[in-house]
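Participant: here is my input, please return the structure:
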Amino acid sequence: MPTEPAVRGSKSLFLAEAERQGLKADRRMLYVGLEPASDHVAACLRAEPGAEIVARRKMMLANDVPVRIATSYFRADLFGDTRLAEPEFVQPSLQSALTALGYTFGHAEENLTARPPTPFERETLELEPSEWIVQVLRASYSTEGTPIHVLETICAANRHIFPIGQVSGYDEF
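Facilitator: Below you'll find the model as predicted:
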């Protein structure tokens, strides 16, 4: 589901975009708490693998079909005692909470990987045995270079389109 820039300041990019496309959108919080950092998330957060980090995991549905699992990760030493570690959805948004804590977005790095799902991903997304997922890993850093948010989105590959745009003047084709 492509997301227009106009909805980026909304309560939820997913809810806004799904509704714009005429889909009945929903999201469910699956987990909020501390968990050990996987190798790839630890690298993005500049933490040791296995270090306790804050995880906020939710499932997104479109027309009652699970389409993605989105997990936000935060360093516990920076955000463990903030509202980012509380079980509710953060209102109005995670970005506004980060700004209120004094962090300004500087840049992000993103990787997409297609792979077979883990058993948890297959069960949660209700995938057939032959279906794959696309893992989108987005690491956001403050203007000072501090890792402030890692978002790992696990998408049912056959339920998404990933449009890629190119800004003129910055690259050649």
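Participant: next, the buried residues of the helix or strand where residue 137 lies.
Facilitator: Element membership for residue 137 (DSSP states H and E) is strand 133-142. By 16 or more other C-beta atoms under 10 Å, the buried positions in strand 133-142 come out as 133-142. No exception for glycine: its C-beta is placed from N, CA and C like everyone else's.
Participant: got the phi/psi numbers for residue 45?
Facilitator: With angles defined as degrees, to the nearest 10, residue 45 sits at phi -90, psi 0.
Participant: skipping its backbone neighbours, what lies nearest it in space?
Facilitator: The shortest distance from residue 45 to any non-neighbouring residue, by C-beta to C-beta, 6 or more residues apart in numbering, is to residue 147 (4.7 Å).
Participant: could I get the contacting residues of that neighbour?
Facilitator: 44-46, 75, 139-141 (C-beta atoms under 8 Å, 6 or more residues apart in numbering).
Participant: check the gap between it and residue 141 for me.
Facilitator: Distance, residue 147 to residue 141, by C-beta to C-beta, to the nearest Å: 6 Å.
Participant: need the contact list for the residue sitting nearest the centre point of the chain.
Facilitator: In the chain, the residue lying closest to the centroid (C-alpha atoms, centre = their mean) is residue 151, at 3.3 Å. Counting by C-beta under 8 Å, 6+ apart, residue 151 makes contact with 70-73, 136-138, 140.
Participant: run through the bridge partners of it.
Facilitator: Applying DSSP bridges to residue 151 yields these beta-bridge partners: residue 72, residue 138.
Participant: C-alpha coordinates for stretch 64-84, CSV please?
Facilitator: These are the backbone C-alpha positions of stretch 64-84, laid out as CSV (Å, rounded to 0.1, in the frame of the first residue of the first chain):
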residue,chain,number,x,y,z
ASP,A,64,-9.9,-8.1,8.5
VAL,A,65,-6.9,-9.8,6.7
PRO,A,66,-3.5,-9.5,8.6
VAL,A,67,-1.1,-7.8,6.2
ARG,A,68,1.9,-6.8,8.3
ILE,A,69,3.6,-6.9,11.7
ALA,A,70,5.3,-3.7,12.7
THR,A,71,7.7,-3.6,15.6
SER,A,72,9.3,-0.4,16.9
TYR,A,73,12.5,-0.8,18.8
PHE,A,74,14.1,1.7,21.2
ARG,A,75,17.2,1.6,23.3
ALA,A,76,16.1,1.0,26.9
ASP,A,77,18.8,3.2,28.3
LEU,A,78,17.3,6.2,26.4
PHE,A,79,13.6,5.4,26.3
GLY,A,80,12.9,2.7,28.9
ASP,A,81,11.4,5.2,31.4
THR,A,82,9.3,7.2,28.9
ARG,A,83,5.8,6.8,27.5
LEU,A,84,7.4,4.9,24.6
